[in-house]
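Chemist: I'll drop the sequence and a predicted model, then ask my questions.
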Amino acid sequence: MRLTRFTDVALRVLMRLAVVTDEDPPTTREVAATMQVPYTHAAKVVARLQHLGLVEARRGRGGGLTLTGTGRSASIGGLVRELEGPGDVVECEGSTPCPLRSACRLRGALHRAQEAFYASLDPITVADLVASPTGPLLIGISSGRPATG
């Protein structure tokens, strides 16, 4: 299974925000630069994360992005399900429907594998993803200084 670029960026944005101190919240532009993604893509991701209640964005002087308590404790499996949306790993009913679709066992097996993938991510939270050594590395790249320790 392969995650969409949108989900990948969303997870990285959440991880970046999980190591931010309250006194200096980054802007969307700063997060995009740190995570090396286009600003427009990061802005769409941030808007979706705001809509989900995972991120707060404040405009103007002293503004920036902060991770909410819900965002910090969010299940990665739940987030990936939400961001990826419904759908099967393979397309059986597309513009050229598969001739095996009426009696195929592959579709069900792939669906079970997809659910097992999500289930393996369910107990992991955003906070878990930034435990050492990841958190210090994120802080280092965000500040432009190498991480220590």
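Modeler: Structure's in. What do you need?
Chemist: Relative to the whole chain's centre, how far out is the helix or strand bottoming out on mean pLDDT in the chain?
Modeler: The weakest-scoring helix or strand in the chain, judged by mean pLDDT, DSSP states H and E, is helix 134-143 (a mean of 74). Chain-centre distance of helix 134-143: 17 Å, with C-alpha atoms, centre = their mean, to the nearest Å.
Chemist: sec struct for the residue nearest to Arg101 when sequence neighbours are not counted, please.
Modeler: Spatial nearest neighbour of Arg101, excluding adjacent residues (C-beta to C-beta, 6 or more residues apart in numbering): Cys92 at 4.6 Å. Glycine gets a C-beta too; all of them are placed from N, C-alpha and C. Secondary structure assignment for Cys92 (DSSP: H, G, I helix; E, B strand; the rest coil): coil.
Chemist: What is the burial count for Cys92?
Modeler: 14 (other C-beta atoms under 10 Å).
Chemist: That one contacts Cys98, doesn't it?
Modeler: Yes - the pair Cys92 / Cys98 is scored as a contact, 4.7 Å apart, by C-beta atoms under 8 Å.
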